[in-house]
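Asker: Need a 3D model of the following:
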Amino acid sequence: MTDLKPPVGPDAGTPAVSVCLQVLTLRADFLRASHGRRYATPGIHLQARKRAEGEPQGIRVGYTCSKKVGNAVARNRAKRRLREVARLVLPEYGRDGWDYVLVGRKDVTATLPFDTLVTDLKRALRKVHP
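Answerer: Numbers count the residues shown, from 1 in each chain. Sure, this is the predicted structure:
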């Protein structure tokens with residue numbers, strides 16, 4: 001049995017994930033976001049809306065890819081990539097109290113270089129939040 005030692009170093013006390021992203025699952029939430037602000041980049045289409053005062057706080061995100069993206073394998077690959085991009089970018093660039101929906105693009109989201117997807121989401125968030 002090995003002894004577990006606490007982490008040592010400058011970020012020993014910081015958690016691995018600073019912001020927990022909540023996932024949108026209800027169709028009504030996706031529809032409300034679709035009527036909010038939108039911005040399209042070559043790799044991602046972003047839909048965003050600010051929630052009302054009475055609604056829960058935090059960053060909520062949803063992912064969707066239509067059948068135009070491709071077969072089930074292509075859609076799942078695109079959604080996996082969207083989830084990872086959101087996990088990396090939204091805690092830093094997203095805003096508390098907002099819903100974001102990331103929509104996969106046909107023939108692009110699954111094949112575009114990952115760094116380009118990250119840049120696309122950052123650019124879209126800058127445009128959505130003036």
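
Asker: got the contact list for the helix or strand where residue 76 lies?
Answerer: Using DSSP states H and E, residue 76 maps to helix 72-93. Residues outside helix 72-93 that contact it (CB atoms under 8 Å, 6 or more residues apart in numbering) are 17-19, 21, 44, 59, 61, 63-67, 69-70, 100, 102, 104, 109-110, 114, 117-118, 121-122, 125-126. (Glycine included, C-beta is placed from N, CA and C.)

Asker: what about residue 84, how many neighbours?
Answerer: Other residues near residue 84 number 13, with proximity taken as other CB atoms under 10 Å.

Asker: Then residue 118?
Answerer: 16.

Asker: and it, what element?
Answerer: Going by DSSP H and E, residue 118 is in helix 114-128.

Asker: roughly how far is the helix holding residue 76 from the heart of the chain?
Answerer: 6 Å (CA atoms, centre = their mean, to the nearest Å).

Asker: In the sheet, which strands lie alongside the helix or strand where residue 39 lies, parallel or antiparallel?
Answerer: Using DSSP H and E, residue 39 sits within strand 37-40. Taking DSSP bridges as the criterion, strand 37-40 forms sheet pairs with strand 44-50 (antiparallel).

Asker: CA atoms only: put the strand it pairs with into PDB for me.
Answerer: Presented in PDB, the C-alpha positions along strand 44-50 are these (Å, rounded to 0.1, in the frame of the first residue of the first chain):
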ATOM      1  CA  ILE A  44     -18.500  26.400 -34.100                       C
ATOM      2  CA  HIS A  45     -21.800  28.100 -34.000                       C
ATOM      3  CA  LEU A  46     -22.400  29.700 -30.600                       C
ATOM      4  CA  GLN A  47     -25.800  30.600 -29.100                       C
ATOM      5  CA  ALA A  48     -25.900  32.400 -25.800                       C
ATOM      6  CA  ARG A  49     -28.300  34.100 -23.500                       C
ATOM      7  CA  LYS A  50     -28.200  35.800 -20.100                       C
END
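
Asker: contacts for that strand?
Answerer: Contacts for strand 44-50 (CB under 8 Å, 6+ apart): 32-40, 82, 85, 95, 97-105, 109, 117, 120-121, 124-125, 128.

Asker: Among those, the buried ones, what's the ChimeraX command?
Answerer: Provided next is the ChimeraX selection string for whichever of the contacts of strand 44-50 are buried by 16 or more other CB atoms under 10 Å:
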select :32,33,36,37,38,39,82,85,97,98,99,100,101,102,103,104,105,109,117,120,121,124,125,128
